[in-house]
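**Student:** Coordinates for the following, if possible.
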Amino acid sequence: MLDTCTSVDLDLLDPADLPAVPDVTAISAAELQQRLDLMIAATASSRNLPIYTRSAADFAGMSSMVTVTGLQLMPRRRWCDGAGTPPAHRGG
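**Tutor:** Numbers count the residues shown, from 1 in each chain. Got it, this is the predicted structure:
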């Protein structure tokens, strides 16, 4: 992953050291997330698969392309006997 939170002091760069066509472009984290969401939606759509996500709002406006189902994260189950560990992990 590329860290895009780097600043460059352009006054310290010699233009002769720079490539004629730069390979680096700036993109915000929000733009990157939106592009990734579009790639996920395009892949699901091309395979006629639904998307199950905890972030259904990220796929708003894509309902004509793909079925999006929002999910809620369920809380972790606690063991009722007070031992704090699942039965399979207890000794004895």
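**Student:** Leaving out the residues flanking it, which one is nearest to residue 56?
**Tutor:** residue 70 (3.3 Å; Cβ to Cβ, 6 or more residues apart in numbering). (Glycine included, C-beta is placed from N, CA and C.)
**Student:** Show the contacting residues for the one you found.
**Tutor:** The neighbours of residue 70, taking Cβ atoms under 8 Å, 6 or more residues apart in numbering as the test, are 53-56.
**Student:** most surrounded residue in those?
**Tutor:** Highest neighbour count within the contacts of residue 70: residue 53, with 15 neighbours (other Cβ atoms under 10 Å).
**Student:** you'd agree that one is up against residue 68?
**Tutor:** Yes - Residue 53 lies in contact with residue 68 (Cβ atoms under 8 Å); the separation is 6.7 Å.
**Student:** Next, show the common contact partners of those two.
**Tutor:** residue 59.
**Student:** In stretch 30-40, which residues are buried?
**Tutor:** 37, 40 (16 or more other Cβ atoms under 10 Å).
**Student:** for the record, mean pLDDT for that stretch?
**Tutor:** What stretch 30-40 shows for mean pLDDT is 89.
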